[in-house]
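A.B. asks: Structure, please.
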Amino acid sequence: MSIEVKNLVKYYGEQAAVKDITFNVKKGEIVGFLGPNGAGKSTTMKIITGYIPSTSGEVTVCGLPVSMENLASRKKIGYLPENNPLYLDMYVKEYLNFVGKIYKVPNLKGRVAEMINSVGLEVEQNKKIGALSKGYRQRVGLAQAIIHDPEVLILDEPTSGLDPNQLADIRKLIRSIGKEKTVMLSTHIMQEVEAICDRIVIISKGEIVADDKAADLQFNTQIQTVYAEFEGNVSRNQLQKIAEVSKVEKFEDGWLLESKVDADLRKVIARFAQKNDLLVLTLRKEEESLEAVFKRLTTSGK
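C.D. replies: Numbering: from 1, shown residues only. As a prediction, this is how the structure comes out:
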């Protein structure tokens, strides 16, 4: 495993930010680490990178134990924090040289040129970082994160604040990097997760509430949703009397019906229509969106 997290706990004073979580990331995977604000995402990522200590539990990267003192494990990691702290008065090439010297990168001049080319900074390479757009600053952040050729890349909100064109460019870049490295990224953008990630881990209130492929998260939901449209008048009260139906909502010209039973809800509705001499105009099963899955998993119990 590239990343192994076992029984990780983190307290800030008496408040538990991370509560005994366990998960792993395989070599070559791009994993989306999702959760609402305050769920423990950034705290977990900072612990994995050795930026802050855990209260208890174990974290290993490429088989090496992670700690604030263990430089061997930290050399395996590239990290782009959420706020992307850069030296704005430095020029792009100057900054990358500076970071490369910290990591003692061999053939540094060639490596800086390679990074500038790989992240698309050729046109901006002789500018001060403070003069760059948000999109190009993110590219500089990615370049510094991978200049030492780490095996694992940790990205905390890498596309925050970018416009649609910049989003597309950075997503393409992350997918390209993910072909060679293990990537763990945090984001609030569900389309980004679907476009980039092989797997999704969702954390809520410091606990892991889901760990699966995006398609399987949507498929494995225990709630069926069907859209039904009838010819003629059908009341909400009639639909609520169907034993298998747990929720009824008016939607467009028809109804959204939910069920928590195993039976195919479409067959149930078809029998209801036949019994009541109704003509069914539309009857289709609705796939739960990733956004809906996320909302359901992170708001239960509120």
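
A.B. asks: in terms of contact, does Phe98 touch Asp89 like I think?
C.D. replies: No. Counting by C-beta atoms under 8 Å, Asp89 is not a contact partner of Phe98; they are 11.7 Å apart. For glycine as for every other residue, the C-beta is placed from the backbone atoms N, C-alpha and C.

A.B. asks: Quick check: beta-bridge partners of the closest residue to Lys247 other than its chain neighbours?
C.D. replies: Closest residue to Lys247 in three dimensions, ignoring its sequence neighbours and counting by C-beta to C-beta, 6 or more residues apart in numbering: Glu258, at 3.9 Å. Counting by DSSP bridges, Glu258 forms beta bridges with Thr225, Lys247.

A.B. asks: What does the pLDDT read for Glu258?
C.D. replies: Per-residue confidence (pLDDT) for Glu258: 89.

A.B. asks: For the helix or strand harbouring Asn237, output the C-alpha coordinates as PDB.
C.D. replies: Counting by DSSP states H and E, the element that carries Asn237 is helix 236-240. This file holds the C-alpha atoms of helix 236-240, laid out as PDB (Å, rounded to 0.1, in the frame of the first residue of the first chain):
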ATOM      1  CA  ARG A 236     -50.300  12.400  -3.200                       C
ATOM      2  CA  ASN A 237     -52.600  10.600  -0.700                       C
ATOM      3  CA  GLN A 238     -53.200   7.700  -3.100                       C
ATOM      4  CA  LEU A 239     -49.500   7.200  -3.700                       C
ATOM      5  CA  GLN A 240     -48.700   7.400   0.000                       C
END
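
A.B. asks: Outside of it itself, list whatever touches it.
C.D. replies: For helix 236-240, contacts defined as C-beta atoms under 8 Å, 6 or more residues apart in numbering pick out 245, 248, 250, 255, 257, 272, 276.

A.B. asks: Mind picking the two most distant members of those residues?
C.D. replies: Farthest apart among the contacts of helix 236-240 by C-beta to C-beta are Lys250 and Asn276. That separation is 18.1 Å.

A.B. asks: any idea whether the residue nearest to the spatial centre of the chain is helix, strand or coil?
C.D. replies: By C-alpha atoms, centre = their mean, the chain has its centre lying nearest to Gly32, at 2.9 Å. Of the three states, Gly32 takes strand under DSSP: H, G, I helix; E, B strand; the rest coil.

A.B. asks: wait, doesn't it sit right on Ala195?
C.D. replies: No. Look at Gly32 against Ala195 with C-beta under 8 Å: they stay out of range, at 10.2 Å.

A.B. asks: Glu58: neighbour count?
C.D. replies: 13 (other C-beta atoms under 10 Å).

A.B. asks: helix or strand for it, which one?
C.D. replies: Applying DSSP H and E, one finds Glu58 within strand 56-61.

A.B. asks: continuing past that strand, what's the next helix or strand?
C.D. replies: Next helix or strand after strand 56-61 toward the C-terminus (DSSP H and E): strand 64-65.

A.B. asks: After that next one, which helix or strand is next? Please name it.
C.D. replies: With elements assigned by DSSP H and E, the helix or strand that comes after strand 64-65 is helix 71-74.

A.B. asks: quick one: the helices in the stretch 1-150 of the chain?
C.D. replies: Along the stretch 1-150 of the chain, the segments classed as helices by DSSP state H, counting those that start in this stretch run 41-48, 71-74, 92-102, 108-118, 134-146.

A.B. asks: Over to the stretch 201-302 of the chain?
C.D. replies: Secondary structure of the stretch 201-302 of the chain by DSSP H, counting those that start in this stretch: the helices cover 214-219, 236-240, 265-275, 290-299.

A.B. asks: rank those by pLDDT, which is bottom?
C.D. replies: Mean pLDDT values for these show the minimum at helix 214-219, a mean of 68.

A.B. asks: State the pLDDT value of the residue nearest to Ile3 when sequence neighbours are not counted.
C.D. replies: Leaving aside its sequence neighbours, Ile3 sits nearest to Val25 (C-beta to C-beta, 6+ apart; 4.0 Å). pLDDT recorded at Val25 is 95.

A.B. asks: Isn't Val25 up against Thr182?
C.D. replies: Yes. Assessed by C-beta under 8 Å, Val25 is found in contact with Thr182 at 5.8 Å.

A.B. asks: what's the overlap in contacts for these two?
C.D. replies: Common contacts of Val25 and Thr182, defined by C-beta under 8 Å, 6+ apart, comprise 2-3, 152.

A.B. asks: With neighbour count, pLDDT and distance to Ala168 added, can I get the residues you listed in JSON lines?
C.D. replies: Shown next, in JSON lines, are the shared contacts of Val25 and Thr182 (neighbours: other C-beta atoms under 10 Å; pLDDT from 0 to 100; distance: C-beta to C-beta, whole Å):
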{"residue": "Ser2", "neighbour count": "23", "pLDDT": "92", "distance to Ala168": "27"}
{"residue": "Ile3", "neighbour count": "24", "pLDDT": "96", "distance to Ala168": "27"}
{"residue": "Val152", "neighbour count": "21", "pLDDT": "96", "distance to Ala168": "25"}
